[in-house]
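Student: Give me coordinates for this.
(2 chains)
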Amino acid sequence: MNNVISVVNRQQAQLVEDKWQILDVFSEHHKPQDVNSLDQLVIPFEPWLAAYNSGLLQAYFEDIQAFSIDNSSDVNELKPWLNQLKLIVLDFPKFTDGRAYTQAVELRRYLGWQGELRANGDVLRDQLSHMLRCGFDSFAIREDKDPNEALKGLSGISVLYANSVLEPQPLFRRRAL
Amino acid sequence: MYQYDFYDKELVNERVKQFSDQVARRKSGELSEEEFLPLRLQNGVYLQKHAYMLRVAIPYGTLSSKQLMTLADIADDFDKGYGHFTTRQNIQFNWVELERVPDILSRLADVDMHAIQTSGNCVRNVTTEAFAGVSADEIIDPRPIAELLRQWSTINPEFLFLPRKFKIAVSSSTQDRAAVRTHDIGLYLYKDARSEQLKVNVMVGGGLGRTPIISKSLKKGLPWQHLLSYLEAVLRVYNRHGRRDNKYKARIKILVKTLGVDAFAEEVEQEWLLLKSGPTELTQEEYDRVSKHFLTRKLKTLDISPYKQHYAQDKDFAQWVSTNTHEHKHHHYVSVVISTKPGPHNPPGDMSANQMRHVAQLAQTYGFSEIRVTHEQNLVLPDIAKNKLYELWLTLKEYHLASPTIGLLTDMITCPGGDYCSLANAKSIPVAAAIQEKFDDLDYLHDIGSLSLNISGCMNACAHHHIGNIGILGVDKNGSEWYQVTIGGKQGKEAQIGKVIGPSFEADAIPDVIDILTQVYLEHRQLDEAFSDTVGRIGLTPFKDKVYQRNDVEASL
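Tutor: Below is the predicted model:
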């Protein structure tokens, strides 16, 4: 994926050379049997799950490293595979569609997902700080935008009253009385 | 009043800088209008017919004299010398330039104000009633809870791109004066009879617009400590399942209607169990920290015999007292309501910069430098000593701020309508003016008594026409402006939606139609029966018959 910003240790953000590729192996253009290695491949979760449930999946396909999931899907369905995944990609089909913020919070807070969580799609500078606070730690900036400019969006506003994935204590528990 | 500390100040100051940069990037073309739109909306900036409009938040309708002075200065320096107070206790400036909005926001930040989330698909300004903390019928002061909610909802990152806007209102008096039941979430606070604990009845899914719905009970007896976690659960369920394919079906009311309130409540309950005892559980320390800003004032016992004398001797004063004052917790004090609807020359809700300055000054002289904004678009001086009331009234009269019409037919709620708003189908201000002209006889207005008349320029219902005793809705018919009339609506705990009386009218006919409706009411009213009760008892037919039998009322069939 191009234009990827990665945040390490919640602090250092940098533009990275990224090797992950989203591959819809169940589309017309691909066949699962043509895929030799799942290394660095992000597999769309919904068609994969359908194939898995039908029992037609070749065994090595259970060895998935990364899923992307629609913003209308229930992230709880990822639960059985969380231990083997390295990356989960959440989708912003439009930046005004905020469902993936909630998915991120669920993954981090309830499902205990510790691995990389990436925002993909209509990912823009002015929303990055919100995404970061909801638990995203990598961002595939929309292709037509300059990722170096987008980096500036990560800082956002320093004060947040409510708690977040990044800061689990709300301000009222931290405020100096 | 709530005083900003370091964190609150830092937040609004950083927000001004952030928006300033966003405006610059919009100007340079780095941000497209599509990308900029939600950013400006979440800073209160709309694009209207003729200019940008800025909606400034007035959290739960509370202003200091200093803040109102600043709003007056902004009206003079950035607008045409006036502002418009809204039903959600905010103020709008109708003639601002985008490039200068950061300067306005910066002036607001200097007096602990902002325009954050006064628009956009996020949690909006939290409202309550204008008499919070002072009303005689209050059970508990709603302001600490409203402030806690303001903080929690401000730039809460998970909930800034909801399916649609999300409005919360809080009420904690015997009478609901905050239109709680037409909000996405409405909160009724009360004290548990046994434990004396503050508890909350949570209502969900109210809203007007195209699909007017009165809210339903979602959760009863929620202990206040769990309010934030419970609302977080509501918003999470809404963010997950609310419709995004059709903006007119995206409010939470549609989700609740589709799922059924029980199924919705069950899903919220499941979500809430995961959060309930987490870090969002409110602490007594935090409640105390916030509520110390809203302490009940120590008011003195007064000699009110001069007041009683004036009241007995001056009929005009007595009339003004009966309509324009509200009963205070301390019976030597009252809350004074200042109408923004003195007559046809003044669009409802509008106030000039000079009038704002006068009110701010009077709040300093006669009150505690505090002013409130009402849901009905009027201003309130919350704590006025009765022995100063006559003097205050004389001064208000000098400034043309003593119109004794609060709660009467001419105390109309009116949206800016087609004169300003690009969504409107029809104008509302000229209709309000024509009604003011027709009903200029104070005695007749008092004969009719308490009656709410709400005028919206389109079905988005900003003036809440559905819950007016008489509601007027501007509609477009083949490019011309027509007005549909509803009767029998009301706000409050038993809020109800009015019913359409029949085919719509041209603007010119509206004052006569209202005249006929009030005549039928007076003819049928039993004792002190309220307008909506009379409609409930006798039905629409007697009203319809009289309105539509007249030839000079031109109805479109």
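
Student: Helices of the stretch 451-557 of chain B, start to end?
Tutor: According to DSSP state H, counting those that start in this stretch, the stretch 451-557 of chain B carries its helices in the segments B:510-524, B:531-538, B:541-549.

Student: Save those as CSV, and put in distance to B:Lys292 too.
Tutor: C-betas here are computed from N, CA, C, even on glycine. Written out in CSV, the entries for these read as follows (distance: least, C-beta to C-beta, whole Å):
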stretch, distance to B:Lys292
helix B:510-524, 47
helix B:531-538, 40
helix B:541-549, 52
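
Student: For chain A, which segments count as strands?
Tutor: A:4-8, A:12-16, A:21-22, A:41-44, A:66-69, A:87-92, A:116-121, A:138-140 (DSSP state E).

Student: And for the closest residue to chain A within chain B, the neighbour number?
Tutor: Using C-beta to the nearest C-beta, the closest approach of chain B to chain A is made by B:Phe161 at 2.8 Å. The burial metric for B:Phe161, expressed as a neighbour count using other C-beta atoms under 10 Å in any protein chain shown, is 24.

Student: So it: helix, strand or coil?
Tutor: When classified by DSSP: H, G, I helix; E, B strand; the rest coil, B:Phe161 comes out as coil.

Student: Equivalent analysis for B:Arg40, please.
Tutor: Under three-state DSSP, B:Arg40 falls in the helix class.

Student: In terms of pLDDT, where does A:Gln58 sit?
Tutor: As summarised for this prediction, A:Gln58 has a pLDDT of 67.

Student: List the contacts of the longest helix seen in chain B.
Tutor: Counting residues, the longest helix found in chain B (DSSP state H) is helix B:6-28. Contacts with helix B:6-28, where a contact means C-beta atoms under 8 Å, 6 or more residues apart in numbering or on different chains, come from A:126, A:156-159, A:161, A:171, A:175, B:4, B:31, B:33, B:36, B:39-40, B:43, B:98-99, B:101-102, B:105-106, B:108-109, B:112-114, B:116, B:154-155.

Student: Apply 7 Å and report the result again.
Tutor: Counting by C-beta atoms under 7 Å, 6 or more residues apart in numbering or on different chains, the neighbours of helix B:6-28 from elsewhere in the structure are A:126, A:157-159, A:171, A:175, B:31, B:36, B:39, B:43, B:98-99, B:101-102, B:105-106, B:109, B:112, B:114, B:116.

Student: Who are the contact partners of B:Pro306?
Tutor: Shown in contact with B:Pro306 (C-beta under 7 Å, 6+ apart): B:Asn387.

Student: give me that answer again for 10 Å
Tutor: Contacts for B:Pro306 were tallied using C-beta atoms under 10 Å, 6 or more residues apart in numbering or on different chains; they are B:Lys386, B:Asn387, B:Lys388, B:Leu389, B:Tyr390, B:Glu391.

Student: can you pull the contacts of the residue nearest to the second one when sequence neighbours are not counted?
Tutor: The shortest distance from B:Asn387 to any non-neighbouring residue, by C-beta to C-beta, 6 or more residues apart in numbering or on different chains, is to B:Leu302 (5.0 Å). Neighbour list for B:Leu302: B:His330, B:His331, B:His332, B:Tyr333, B:Ala385, B:Lys386, B:Asn387, B:Lys388 [criterion: C-beta under 10 Å, 6+ apart].

Student: swap in B:Phe543?
Tutor: Listed by C-beta under 10 Å, 6+ apart, the contact partners of B:Phe543 are B:470, B:485, B:487-488, B:499, B:501-502, B:513, B:516-517, B:519-521, B:524, B:534-535.

Student: And the residues you listed, which is closest to B:Pro342?
Tutor: Taking C-beta to C-beta as the measure, B:Ile470 is the one of these closest to B:Pro342, at 20.4 Å.

Student: Next, count neighbours for the residue in chain A positioned nearest to chain B.
Tutor: Residue nearest to chain B within chain A (C-beta to the nearest C-beta): A:Gly98, separated by 2.8 Å. Using other C-beta under 10 Å, A:Gly98 has 26 other residues around it.

Student: Can you give me the buried ones in the longest helix seen in chain A?
Tutor: Determined from DSSP H, the single longest helix within chain A is helix A:45-53. Of the residues in helix A:45-53, those buried by neighbour count under the rule 16 or more other C-beta atoms under 10 Å in any protein chain shown are A:Phe45, A:Glu46, A:Trp48, A:Leu49, A:Ala51, A:Tyr52.

Student: Kindly report the same for stretch A:114-125.
Tutor: Burial within stretch A:114-125, assessed by neighbour count using 16+ other C-beta under 10 Å, is assigned to A:Glu116, A:Leu117, A:Arg118, A:Ala119, A:Asn120, A:Gly121, A:Asp122, A:Val123, A:Leu124, A:Arg125.

Student: could you redo these as a markdown table and give each row distance to A:Leu107?
Tutor: What follows is these, written out as a markdown table (distance: C-beta to C-beta, whole Å):
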| residue | distance to A:Leu107 |
| --- | --- |
| A:Glu116 | 11 |
| A:Leu117 | 6 |
| A:Arg118 | 11 |
| A:Ala119 | 12 |
| A:Asn120 | 14 |
| A:Gly121 | 17 |
| A:Asp122 | 20 |
| A:Val123 | 17 |
| A:Leu124 | 21 |
| A:Arg125 | 23 |
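
Student: List the residues that contact the residue of chain B closest to chain A.
Tutor: Shown here is B:Phe161, whose contacts under the criterion C-beta under 10 Å, 6+ apart are A:92, A:94-101, A:127, A:130, B:38, B:42, B:120-122, B:239, B:244.

Student: likewise B:Pro163?
Tutor: Taking C-beta under 10 Å, 6+ apart as the definition, contacts of B:Pro163 comprise A:96-99, B:121, B:238-247, B:249-252, B:254-255.

Student: Next, count neighbours for A:Arg175.
Tutor: Other residues near A:Arg175 come to 14 when the count uses other C-beta under 10 Å.

Student: Look up how far B:Trp224 lies from it.
Tutor: Distance from A:Arg175 to B:Trp224, counting by C-beta to C-beta, to the nearest Å: 19 Å.

Student: With B:Val180 instead?
Tutor: B:Val180 sits at a distance of 16 Å from B:Trp224 (criterion: C-beta to C-beta).

Student: any idea of the pLDDT on residue 70?
Tutor: I went with chain A, as the question did not name one. As predicted, A:Asp70 sits at a pLDDT of 98.

Student: nope, chain B please
Tutor: Spelled out, the predicted local distance difference test score at B:Thr70 is 98.

Student: what about it, neighbour count?
Tutor: If you count neighbours by other C-beta under 10 Å, B:Thr70 ends up with 22.

Student: So which elements touch the helix or strand in which it is found?
Tutor: Mapping B:Thr70 onto the secondary structure by DSSP states H and E places it in helix B:65-78. Counting by 3 or more C-beta pairs under 10 Å, 6 or more residues apart in numbering or on different chains; DSSP states H and E, the packing neighbours recorded for helix B:65-78 are strand B:52-56, strand B:62-64, strand B:82-85, strand B:91-96, helix B:101-110, strand B:350-352, helix B:353-366, strand B:370-373.
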